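Asks: Just to be clear, the model below is a prediction. Sequence and coordinates:
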Amino acid sequence: CISLFDAISRVSNGIQTTIYTVPGKAHQGHFCLDTAVQCLDLYQDLFSIPYPLVKSDLLAIPDFAAGAMENWGCVTYREAKILVKEGSTSESTRRGIARTVCHELAHQWFGNLVTMEFWTQLWLNEGFARYMEFVGIDTIYPQWDAWTEFVQSVYGMALSLDSMKSSHPVEVEVHHPDEINDIFDAISYAKGASLIRMISSYVGFQTFMDGLKIYLKRHAYGNATTEMLWAALEEASQQPVGKMMTPWTSQIGYPLLILQPDNSSILTPRFLASGPSNNDDQTETALSWPIPVTAIVHGEDLIQGPWMLNGPDGVDDTSVLLENIKKWDAEGKWFKLNADQTAFYRVCYTDDQWKRLEQAAMSPPGDDDNADGRGHGRRLSAIDRLGLISDSFANGRAGYSSIVDSLKLVANFGSHHAAGKFNNHKRFVLFCFVLF
């Protein structure tokens, strides 16, 4: 791009960050500059690897085909992805700009410093950049409640697309250049990021970051594979990460946990938007995933679990989880599996369990609510309510449960303080009215 440009700059930790714009628009780059400087400092601290250049340029181009491109040291952006007009740019647009900036700066480590070995490992670039953009904005702008947005727009999209029979694994063999564009999709980006969040939650964020430091330092200025990432995380966590995560990246789809009325078992078939698969479909019935299960239980302060279902090396905590569910049912307690929606699966509860969730978990806030949705006798956070609504309507649409139960679930939700944080339930309800 050859042109005259205006610029605004700031130096932090010896690195000059500069926003370049066409003449007369430099003043619209201050929000982006603030975000970029803070994000670059954050990533250097998290990864314990200094940004290797003395400058970080962000270039706003009027007619740029892509949203942004992570060139080393000079990231190019479409103007709409970087410039803010004070007084007229909406908060949602600001959030999108901040996400894009944090995404592209994450690529300076995931993609530029360490590059995937081949296109098969594209998710190592894009999945990590998508995940880290939310780590970035959650730290820089904590008032935005970034992880609720992640669950709605990233995790939710991944669950939706990966429930199709036409989906594909995160890692796809690429045999021809024409196939490359096909894998730049929400599976690589959104499911990849969701799986990263799942393993980060399972081993713990700090342990996860310790593993990333090993991975980035060991393969700096080189190429890496998914197996190399798992090896680094295993070294940091002393957990069989490779055996746990390989089925998630190499297989299509994800499981649905179906709880039984007699608590005799937990079924874990692949969730399909088209409905339960025929038992004669060997491709679907052969799928199996190690599933980390956590729970939020009425009256309990702490998240319960984790329990590993179908785990590596013969580990299977299904019987232990079933005993706990029997106990919660006998005590008349509501419980919600997959705390904070950190793992990549859906849940289908029994009729009685849904009724308790309707009456207790989804009711308007009461005096026992804490400010953060946690604590003794706590109700559920916005993320967990979103997960319940999403699972319920997805199950109803696909025929795993009754859509009537889904509508009952959200009957009182509009009066809840969390309702304004997302509009997922509104879209589902509208879909149901159109459908029926």
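Replies: Everything's here; your move.
Asks: Check what contacts stretch 170-189 and list those residues.
Replies: 118-123, 126-127, 130, 154, 157-158, 161-162, 167-169, 191-192, 195, 226, 248-250 (CB atoms under 8 Å, 6 or more residues apart in numbering). For every residue, glycine as well, the C-beta is placed using N, CA and C.
Asks: among these, which are in helices?
Replies: Mapping those onto helices (DSSP state H) picks out 122-123, 126-127, 130, 157-158, 161-162, 192, 195, 226, 248-250.
Asks: For the stretch 251-400 of the chain, which segments count as helices?
Replies: Applying DSSP state H, counting those that start in this stretch to the stretch 251-400 of the chain gives helices spanning 282-285, 318-330, 351-356, 382-398.
Asks: rewinding a little: now, which of the ones in helices among the contacts of stretch 170-189 sits nearest residue 37?
Replies: Using CB to CB, residue 130 is the member of the ones in helices among the contacts of stretch 170-189 that lies nearest residue 37, at 21.5 Å.
Asks: Name the nearest residue to that closest one, sequence neighbours excluded.
Replies: residue 193 (3.8 Å; CB to CB, 6 or more residues apart in numbering).
Asks: from memory that neighbour sits against residue 135, does it?
Replies: No: between residue 193 and residue 135 there is no contact under CB atoms under 8 Å: 10.3 Å.
Asks: what about the nearest residue to residue 394 once chain neighbours are set aside, how many neighbours?
Replies: Leaving aside its sequence neighbours, residue 394 sits nearest to residue 346 (CB to CB, 6+ apart; 6.1 Å). For residue 346, the neighbour count with other CB atoms under 10 Å is 22.
Asks: For residue 346, give me its contacts.
Replies: 159, 254, 255, 256, 257, 271, 390, 391, 394, 395.
Asks: mean confidence score for the helix or strand that contains residue 98?
Replies: Assigned by DSSP states H and E, residue 98 falls within helix 91-106. Over the span of helix 91-106, the pLDDT mean works out to 96.
Asks: Can you list the buried residues in that helix?
Replies: 94, 97, 98, 99, 100, 101, 102, 103, 104, 105, 106 (16 or more other CB atoms under 10 Å).
Asks: Pull out the buried members of the ones in helices among the contacts of stretch 170-189.
Replies: Buried subset of the ones in helices among the contacts of stretch 170-189 (neighbour count, 16+ other CB under 10 Å): 122-123, 126-127, 130, 157-158, 161-162, 192, 195, 226, 248-249.
Asks: Adding distance to residue 55, write those out as a markdown table.
Replies: Listed next are those as a markdown table, based on distance: CB to CB, whole Å:
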| residue | distance to residue 55 |
| --- | --- |
| 122 | 28 |
| 123 | 29 |
| 126 | 25 |
| 127 | 28 |
| 130 | 25 |
| 157 | 35 |
| 158 | 35 |
| 161 | 38 |
| 162 | 40 |
| 192 | 30 |
| 195 | 34 |
| 226 | 32 |
| 248 | 38 |
| 249 | 36 |
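Asks: out of the residues you listed, who's nearest residue 11?
Replies: residue 130 (28.8 Å).
Asks: Where does the prediction get shaky in the stretch 301-436 of the chain?
Replies: 360-378, 412-436 (pLDDT under 70).
Asks: Tell me where it has strands.
Replies: Taking DSSP state E, counting those that start in this stretch to define them, one finds strands in the stretch 301-436 of the chain at 304-309, 335-337, 346-348.
Asks: May I see these arranged in a markdown table, with distance to residue 79 as well?
Replies: What follows is the strands of the stretch 301-436 of the chain, written out as a markdown table (distance: least, CB to CB, whole Å):
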| stretch | distance to residue 79 |
| --- | --- |
| strand 304-309 | 45 |
| strand 335-337 | 43 |
| strand 346-348 | 39 |
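Asks: Check those strands for me and report the most buried one.
Replies: Among the strands of the stretch 301-436 of the chain, ranked by average contacts under mean count of other CB atoms under 10 Å, first place goes to strand 335-337 (a mean of 24).
Asks: Spell out which strands sit alongside that strand in the sheet and which way each one runs.
Replies: strand 291-297 (antiparallel) (DSSP bridges).
Asks: what's in contact with the strand it pairs with?
Replies: Residues contacting strand 291-297 (CB under 8 Å, 6+ apart): 198, 201-202, 244, 255, 257, 268, 303-310, 317, 321, 324, 328, 333-340, 342-343, 345, 378, 380, 384.
Asks: Filter those down to just the buried residues.
Replies: Here, 16+ other CB under 10 Å leaves 198, 201-202, 244, 255, 257, 268, 304-310, 317, 321, 324, 328, 334-340, 342-343, 345, 378, 380, 384 buried among the contacts of strand 291-297.
Asks: Contact partners for the residue nearest to residue 27 when sequence neighbours are not counted?
Replies: Among residues not flanking residue 27 along the chain, residue 8 sits closest, at 7.7 Å (CB to CB, 6+ apart). Contacts here follow CB under 8 Å, 6+ apart; on that basis residue 8 touches 18, 19, 26, 27, 29, 30, 33.
Asks: How many residues are close by the closest residue to residue 48 other than its chain neighbours?
Replies: Leaving aside its sequence neighbours, residue 48 sits nearest to residue 213 (CB to CB, 6+ apart; 5.2 Å). Using other CB under 10 Å, the number of residues around residue 213 comes to 16.
Asks: What distance do you get for residue 213 to residue 380?
Replies: According to CB to CB, to the nearest Å, residue 213 and residue 380 sit 34 Å apart.
Asks: For the nearest residue to residue 160 once chain neighbours are set aside, which residues are in contact?
Replies: Residue nearest to residue 160 in three dimensions, not counting chain neighbours: residue 273, with 7.4 Å by CB to CB, 6+ apart. Residue 273 makes contact with 160, 163, 164, 394, 397, 398, according to CB under 8 Å, 6+ apart.
Asks: and what of residue 392?
Replies: 354, 401, 405, 406, 409.
Asks: wait, isn't residue 344 in contact with residue 248?
Replies: Yes: applying CB under 8 Å, one finds residue 344 in contact with residue 248, separated by 6.8 Å.
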